[in-house]
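Asks: Based on what follows, work out the 3D shape:
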Amino acid sequence: MSIQAQHTRFADAQAVAIRENKPILLLLSGEDWCAPCVKLKKKVWNEPDFQDFISKEFVRLELYIPKQGSYGPEWTVFKEYDELKNKYQAPFLPTILVLTPNGEVIEKIANEFSKKTILTQLKALLDS
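Replies: Okay, here's the model as predicted:
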């Protein structure tokens, strides 16, 4: 099974979501400086069974905020991250958002680090 590419720009993910009629799974995260983000990526996001499931059912989008002062070429990613974080009122890192292809919030998952719980929530959304 080939894993669907992860998008790093909202417009790209949205175009695929509209074309494939799939929800967007957006992860707003920090880099290695954010301990909860590292935990979520290690215990959930980067796990092969989680990746397999979300690649089949969602269009994956990950946006992160780099360490203060290390924006460099990532500045456009940070700017988009900041805009979406504010638009979707996601004050905590990490936050997972499930969005319609048009960008409306279906579900917000914050401060959750159990792969089983997150998968259960995502599966329930797809079944509803």
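
Asks: So L125 is in contact with I106, correct?
Replies: Yes. At 6.1 Å, L125 and I106 qualify as touching, with contact defined as CB atoms under 8 Å. All C-beta atoms are positioned from the backbone trio N, CA, C, and that covers glycine.

Asks: List the residues that are in contact with both of the two.
Replies: Both L125 and I106 are in contact with P23, V98, where contact means CB atoms under 8 Å, 6 or more residues apart in numbering.

Asks: and F92, how many neighbours?
Replies: 11 (other CB atoms under 10 Å).

Asks: Identify the residues contacting whichever strand or helix holds D12?
Replies: In this structure, D12 is located in helix 10-20 according to DSSP states H and E. Helix 10-20 has contacts (CB under 8 Å, 6+ apart) with 7, 22-24, 26, 59-61, 63, 80, 84, 99-103.

Asks: got the CA coordinates for that helix in PDB?
Replies: Provided in PDB are the C-alpha atoms of helix 10-20 (Å, rounded to 0.1, in the frame of the first residue of the first chain):
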ATOM      1  CA  PHE A  10      -3.800  24.300   2.600                       C
ATOM      2  CA  ALA A  11      -4.700  25.200  -1.000                       C
ATOM      3  CA  ASP A  12      -3.000  22.000  -2.300                       C
ATOM      4  CA  ALA A  13      -4.800  19.800   0.300                       C
ATOM      5  CA  GLN A  14      -8.100  21.500  -0.300                       C
ATOM      6  CA  ALA A  15      -7.800  21.000  -4.100                       C
ATOM      7  CA  VAL A  16      -7.200  17.300  -3.600                       C
ATOM      8  CA  ALA A  17     -10.000  17.100  -1.000                       C
ATOM      9  CA  ILE A  18     -12.500  18.600  -3.400                       C
ATOM     10  CA  ARG A  19     -11.400  16.400  -6.300                       C
ATOM     11  CA  GLU A  20     -11.500  13.200  -4.200                       C
END
